[in-house]
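> All I have is the shape, not the residue letters:
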């Protein structure tokens, strides 16, 4: 059992018999009042998102999902094709079900596909993945007027903030839990 | 490149944080306040329904310096301030850290209204010291610090922004939800807002209002929807205080929380306290406002997760 204070982005719980994943989370505690946990939860089957506020002490059943090792093959429209590493069986997961994971998938990448019953409803990524920067503005050395980070686009199309010294073509490590830059990879 | 880039890039924020702390001290020294330090580790916290202390051996890390500072006020220290670390269990979010910095000060011969004025003076003075002027950009709004700040009672705020009355909200146990969802986002948008006169049961250590004992003389300060400070006219009646603590402990017990023992020395000295008012300001959040930060993580050197 989880309690409200365990709620975190990425936590998977059962609500009304269906698996949900926490996609946004805010802890609030208005002056001298009780702790409130405001969440956005995505139904992992339908892809629909709901807003729920929980109070301290409320409990949740964890969504126990079977994980199967698969490889990401390719994307076709909003369909993502994966292959089971053992059976070579191919499956499709919709972009909606993937949620933020779509930002970190490159071809041949190994992931754990999550199954609810026989249905593939999402993927579990490693906490850190290495991805290449395909677009970012050059940095003028000595330019101190600019902010201490700049936008960059990764090979998956995902955009994030990176330190000014990161250049196009470089490989960086991204924290998949926060979607933020973690470090530069030395090649 | 430093290995710990997230820490390296916080340098500007930490430099500005240091200036803000210096600005706060400068203000209180000029106003004739005495800076005090009280123990962080205490035998028992003030029993309050929704504040959890972190145990330290058989004692606790303080959740605020309130009890010790009031004992100083009762012993004749009439203008005191303190900047210290406080701990509250399980408080973590983009606006909360379980270990955070609090500024607390006490004004004797004053009440919550004069305290609001002094709070305005402090913020304006800090803004001048750090050179940001009287217009602060925070959360996409320009918040004007030059007088007068908005003052709205809890009752009026419910009337303006909520679909129900205070008494109805309390009865249905929805007061906190409505505060967070409907009221807070509207407070302090163009200028800082003091929201005042909280329901009596929401001010365990505050004096009740003479003209209307259903409310406590307590206020909260908001800027850009962010709660920054909590202040009140102090209750200086030990018998009444003891009853309130017992009621808070009853609440705790019925919610399955541990009860805290009575702070006996504090209660024994409370009747010596002259009419006074005290306030606590979340320093990390004050820094967030001046730096236009989205999260509290950006204004501290280390979050618990980074240790």
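Now that the structure is in, tell me what you want to look at. None of these values were measured; they are calculated from a predicted model.
> Can you name the residues that contact the closest residue to chain B within chain A?
Across chain A, the shortest distance to chain B (C-beta to the nearest C-beta) belongs to residue A:27, at 2.7 Å. Just so you know, the C-beta spots here come from the backbone N, C-alpha and C atoms, and that holds for glycine as well. Shown here is residue A:27, whose contacts under the criterion C-beta atoms under 8 Å, 6 or more residues apart in numbering or on different chains are A:35, A:36, A:37, A:38, B:91, B:92, B:93, B:94, B:95, B:96.
> Checking my notes, it in a helix, right?
No: using DSSP: H, G, I helix; E, B strand; the rest coil, the secondary structure at residue A:27 is strand, not a helix.
> what about residue A:12, how many neighbours?
Other residues near residue A:12 come to 22 when the count uses other C-beta atoms under 10 Å in any protein chain shown.
> What is the least confident helix or strand in the chain?
Using chain A here. Taking all helices and strands of chain A together, the one with the lowest average confidence (mean pLDDT, DSSP states H and E) is helix A:95-98, at a mean of 87.
> Report the buried residues of it.
Neighbour-count burial for helix A:95-98, with 16 or more other C-beta atoms under 10 Å in any protein chain shown as criterion, is recorded at A:97, A:98.
> before we move on, back to that, would you list the contacts of residue A:27 in JSON lines and tack on neighbour count, distance to residue B:284 and pLDDT?
Supplementary listing: the contacts of residue A:27 in JSON lines, determined by neighbours: other C-beta atoms under 10 Å in any protein chain shown; distance: C-beta to C-beta, whole Å; pLDDT from 0 to 100:
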{"residue": "A:35", "neighbour count": "23", "distance to residue B:284": "18", "pLDDT": "94"}
{"residue": "A:36", "neighbour count": "21", "distance to residue B:284": "20", "pLDDT": "95"}
{"residue": "A:37", "neighbour count": "23", "distance to residue B:284": "20", "pLDDT": "95"}
{"residue": "A:38", "neighbour count": "18", "distance to residue B:284": "20", "pLDDT": "94"}
{"residue": "B:91", "neighbour count": "19", "distance to residue B:284": "12", "pLDDT": "94"}
{"residue": "B:92", "neighbour count": "17", "distance to residue B:284": "13", "pLDDT": "92"}
{"residue": "B:93", "neighbour count": "18", "distance to residue B:284": "12", "pLDDT": "92"}
{"residue": "B:94", "neighbour count": "15", "distance to residue B:284": "12", "pLDDT": "94"}
{"residue": "B:95", "neighbour count": "20", "distance to residue B:284": "9", "pLDDT": "96"}
{"residue": "B:96", "neighbour count": "19", "distance to residue B:284": "9", "pLDDT": "97"}
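> Residue A:156: which of those residues is nearest?
Each of the contacts of residue A:27 was scored against residue A:156 by C-beta to C-beta, and residue B:94 proved nearest at 25.8 Å.
> For chain B, what lies in contact range of chain A?
Contacts of chain B with chain A, taken as C-beta under 8 Å from any C-beta of the partner chain, map to B:1, B:3, B:5, B:9, B:12, B:48-51, B:90-96, B:175-177, B:179-181, B:184, B:198, B:202-204, B:220, B:227, B:230, B:255-256.
> Which of those fall in helices?
Secondary-structure check on the residues of chain B next to chain A using DSSP state H: residues within helices are B:5, B:12, B:175, B:176, B:177.
> which of the residues you listed has the most neighbours?
Neighbour tally across those (other C-beta under 10 Å): the maximum, 26 neighbours, falls on residue B:175.
> Report the two of the ones in helices among the residues of chain B next to chain A separated the most.
Pairwise distances among these were taken by C-beta to C-beta; the largest, 42.6 Å, belongs to B:5 and B:175.
> isn't residue B:53 right next to residue B:63, touching?
Yes: applying C-beta atoms under 8 Å, one finds residue B:53 in contact with residue B:63, separated by 5.1 Å.
> what do the two both touch?
A shared contact of residue B:53 and residue B:63, defined by C-beta under 8 Å, 6+ apart, is any residue touching both; here these are B:45, B:87, B:88.
> For the last one, give me the pLDDT.
Residue-level confidence at residue B:88 comes out at 96, pLDDT.
> Distance check, the residue lying closest to it once chain neighbours are set aside against chain A.
The spatial neighbour of residue B:88 that comes closest, neighbours along the chain excluded (C-beta to C-beta, 6 or more residues apart in numbering or on different chains), is residue B:63 at 5.3 Å. Distance, residue B:63 to chain A, by C-beta to the nearest C-beta, to the nearest Å: 11 Å.
> Could you report the neighbour count for residue B:63?
Number of residues near residue B:63 (other C-beta under 10 Å) recorded here: 21.
> so which strand or helix has it?
If you go by DSSP states H and E, residue B:63 is not part of any helix or strand.
> What of residue B:101?
strand B:99-108.
> And the next helix or strand past that strand?
Scanning forward in sequence from strand B:99-108 by DSSP H and E, the next helix or strand is helix B:112-129.
> can you pull the buried residues of that following helix?
Within helix B:112-129, the residues that count as buried by 16+ other C-beta under 10 Å are B:112, B:115, B:116, B:118, B:119, B:120, B:122, B:123, B:125, B:126, B:127, B:129.
> what helices or strands is the first helix or strand past it going along the chain leaning on?
Toward the C-terminus, helix B:112-129 is succeeded by strand B:135-138 as the next helix or strand (DSSP H and E). Applying 3 or more C-beta pairs under 8 Å, 6 or more residues apart in numbering or on different chains; DSSP states H and E, one finds that strand B:135-138 contacts strand B:141-144, helix B:283-291.
> Can you lay out the ones you listed as JSON lines showing mean neighbour count and mean pLDDT?
Rendered in JSON lines, the data for the helices and strands packed on strand B:135-138 read as follows (neighbours: other C-beta atoms under 10 Å in any protein chain shown; pLDDT from 0 to 100):
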{"stretch": "strand B:141-144", "mean neighbour count": "15", "mean pLDDT": "96"}
{"stretch": "helix B:283-291", "mean neighbour count": "23", "mean pLDDT": "98"}
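> quick one: which of these is nearest residue A:57?
Checking those against residue A:57 by C-beta to C-beta gives helix B:283-291 as the closest, at 26.0 Å.
> Quick one: work out the angle between that closest one and strand B:99-108.
What separates the directions of helix B:283-291 and strand B:99-108 is an angle of 90 degrees, with axes from the mean of the first three to the mean of the last three C-alpha atoms, to 10 degrees.
> Now do helix B:283-291 against helix B:112-129, angle only.
Using the same axes, to 10 degrees, the inter-axis angle of helix B:283-291 relative to helix B:112-129 is 50 degrees.
> What is helix B:283-291 packed up against?
Here helix B:283-291 is seen to pack against helix B:11-30, strand B:99-108, helix B:112-129, strand B:135-138, strand B:226-233 when contacts are counted using 3+ C-beta pairs under 8 Å, 6+ apart.
> How far does that helix sit from its chain's centre?
Per C-alpha atoms, centre = their mean, to the nearest Å, the displacement of helix B:283-291 from the mean C-alpha position of its chain is 13 Å.
> who's in contact with that helix?
B:13, B:16-17, B:20-21, B:24, B:83, B:95, B:97, B:100-103, B:123, B:126-127, B:130, B:132, B:136, B:138, B:143, B:223-224, B:226-228, B:293, B:295-296, B:298-300.
> Can you tell me the closest non-neighbouring residue to the residue of chain B found nearest chain A?
With C-beta to the nearest C-beta as the measure, residue B:93 is the residue of chain B nearest to chain A, at 2.7 Å. Spatially, and ignoring its direct neighbours in sequence, residue B:93 is nearest to residue A:27 (2.7 Å; C-beta to C-beta, 6+ apart).
> Near the nearest residue to residue B:293 once chain neighbours are set aside, how many other residues are there?
Spatial nearest neighbour of residue B:293, excluding adjacent residues (C-beta to C-beta, 6+ apart): residue B:299 at 5.5 Å. The burial metric for residue B:299, expressed as a neighbour count using other C-beta under 10 Å, is 24.
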